[in-house]
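J.: What would the 3D arrangement of this be:
(2 chains)
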2 protein chains.
Amino acid sequence: MVLPFDDAYFMKKALQEAEIAYEKGEVPIGAVIVVQERVIARAHNLTEQLNDVTAHAEMQAITAAANFLGGKYLKDCTLYVTLEPCQMCGGALYWSQISKIVYGARDTQRGYEVMGTTLHPKTKIVGGILENEAADLLKRFFIQKRNLN
Amino acid sequence: MVLPFDDAYFMKKALQEAEIAYEKGEVPIGAVIVVQERVIARAHNLTEQLNDVTAHAEMQAITAAANFLGGKYLKDCTLYVTLEPCQMCGGALYWSQISKIVYGARDTQRGYEVMGTTLHPKTKIVGGILENEAADLLKRFFIQKRNLN
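T.: Numbers count the residues shown, from 1 in each chain, chains lettered A, B, ... in the order given. A predicted model of the protein is given here:
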């Protein structure tokens, strides 16, 4: 059976957010948060525009989802993010008690896993969903940036 | 020689912020960020009021300091915070490349150190400044909260 709302479906929504970041000259990373097959928050990296290292896509999505839900815990939510979260975002996700994290490309340099970040014991994690699309967008961004400098 | 602007002086400012959090019913943690003996950002924990797990004192102080400076890196700044940062805040401080972190009480449960968070290699860290004052305020808060429930 083909499910209409599978992980790839929502990861495409996160990739659309990453494309918006790309157009703004931001490192192209996007995220959405989903409850019961409904997107309740969408965000993309805004560290340059906001001059703020904390403005990662995941952080903004966590804040927006909690605002939507009216409570700070995201126990029944799934985060879709195009790149593996860093230790800051992993730490925020720990506090949120989110039920599931689905990421696209792995970050072998600054990802939560290589940095040894602890996720909440109740959080499931799945990596590698549409990883090529996410990684290609990042590569395209950094190649273009190098050529402009 | 007694220095008028030593670590204890600025930690007292952070403790004043923690007291404001206490009065609001928030876990009493406060922070200030200092450049050249001048406070450029002050913040206290607002996770309850904002319904947001990311609203730790340090996160808000990082955002406010970057806003004040007009740039996202805090290379010449010192953060004073009454409790050892968690992995989320440690991760944010890593991205900020802050020059120095001074904390009060140690957090042996959820502190960045026990959680294995990596700070920036250029960041100096000092713990234990006015730790009893910071810890007493936290104890007072949790005792009062227990008695109210």
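J.: Please point out which parts of stretch A:66-85 sit buried.
T.: By 16 or more other Cβ atoms under 10 Å in any protein chain shown, the buried positions in stretch A:66-85 come out as A:66, A:69, A:72, A:74, A:77-85. Heads up, the C-betas are built off the backbone N, CA and C, glycines and all.
J.: Would you mind measuring the gap between the ends of that stretch?
T.: Taking Cα to Cα, to the nearest Å, the first and last residues of stretch A:66-85 lie 18 Å apart.
J.: circling back to that earlier point, now go through the buried residues of stretch A:66-85 and say which are in strands.
T.: Taking DSSP state E as the definition of strands, those contribute A:78-83.
J.: Give the members of the buried residues of stretch A:66-85 that are also in contact with chain B.
T.: A:66, A:72 (Cβ under 8 Å from any Cβ of the partner chain).
J.: show me where chain A has strands.
T.: So, for chain A - with DSSP E - the strands run A:30-35, A:38-44, A:78-83, A:100-105, A:124-126.
J.: Quick check: residues of chain A near chain B?
T.: Going by Cβ under 8 Å from any Cβ, the residues of chain A near chain B are A:47-48, A:51-54, A:59, A:62-63, A:66-67, A:70-73, A:86-92, A:94-96, A:115-118.
J.: which of these are buried?
T.: Listed as buried from the residues of chain A next to chain B are A:47, A:51-54, A:59, A:62-63, A:66, A:72, A:86-92, A:94-96, A:115, A:117-118; burial here means 16+ other Cβ under 10 Å.
J.: tell me what the worst-scoring helix or strand of chain A on mean pLDDT is packed against?
T.: Least confident element among the helices and strands of chain A, by mean pLDDT, DSSP states H and E: helix A:131-148 (a mean of 94). Contact here means 3 or more Cβ pairs under 8 Å, 6 or more residues apart in numbering or on different chains; DSSP states H and E; on that basis helix A:131-148 packs against helix A:7-23, strand A:78-83, strand A:100-105.
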